[in-house]
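Novice: take a look and give me a structure for this.
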Amino acid sequence: MTAEDLQGPGEIYVDADACPVKREIYKVAERHGLGVQVVANDIIALPREPWIKRVVVGDALDAADDWIAERVGPGDIVVTADVPLASRCVKAGAVVLAPDGRAFTPDSVGMALATRNLKQELREAGTLTGGPGAFTDRDRSRFLSALHEAIVRLKRGS
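Specialist: Residues are numbered from 1 along each chain as shown. So this is what the prediction gives:
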C-alpha cells in the first residue's frame, strides 16, 4: 500500500508511549487503507510504511495529548488509555478507543473522567494503591473487534 492508496474515514491517531496494541493497529489500518499517526514523547520503532507517520513531540507534560487533540475531528479514530485525552477527542467528534477495546463515547466519557479523578484523589490521599490490571489476550481481541467495527461504521457514514 502506498500513501496514495489511502482512503476511508480519516486517520488513526495513536497515543503511543504506553500503547500495547500498536502492531494490531498497523494490521487493521493497512487492511482498511488508513493512515496512522503514532504520537510519542520519544522515538519509538515503527514499521517502514509510507502510511505510518512518527510524530515525536518532546517530553513536555501532555505534549502528545495536546498534539493529538488539536488535530482530530469527525472521521478520525484515537487510541488512548488517557481519559482526559479521550474526553477532549470525543468532544472534537473523533471515535475514541482504549487499548482494551472500551469505547469512549459522549455518554461514557464523563463518568470515566469522574472515576479517574476520584481514583487519583484516593491515591494522593494514600487510600488507593496500584494501577490498572494486566493487559490480557482477551483485551487485545476486544480491541481488534472494536477497531474493525469503528472503521466499518465510519466508512458507512453512521
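Novice: elements contacting the longest helix anywhere in the chain?
Specialist: Looking across the chain with DSSP state H, the single longest helix is helix 137-156. Contacts defined by 3 or more C-beta pairs under 8 Å, 6 or more residues apart in numbering; DSSP states H and E place helix 137-156 against helix 22-32, strand 77-79, strand 95-97. For the C-beta atoms, the positions are set from N, CA and C on the backbone; glycine is no exception.
Novice: pairing partners for the last one, with directions?
Specialist: Strand partners for strand 95-97, identified by DSSP bridges, are recorded as strand 77-79 (parallel), strand 103-104 (antiparallel).
Novice: okay, and the helix or strand of this structure with the least pLDDT?
Specialist: Every helix and strand of the chain was ranked by mean pLDDT, DSSP states H and E. The lowest is helix 109-124, at a mean of 68.
Novice: report the spatially nearest residue to Ala150, omitting neighbours in sequence.
Specialist: Val95 (4.8 Å; C-beta to C-beta, 6 or more residues apart in numbering).
Novice: ah, wrong one, I meant Val90
Specialist: Spatial nearest neighbour of Val90, excluding adjacent residues (C-beta to C-beta, 6+ apart): Val109 at 4.9 Å.
Novice: just Cys19 next, same as before
Specialist: Pro99 (5.9 Å).
Novice: surely Val96 and Ala81 touch.
Specialist: No - Val96 is beyond contact range of Ala81, at 10.4 Å (criterion: C-beta atoms under 8 Å).
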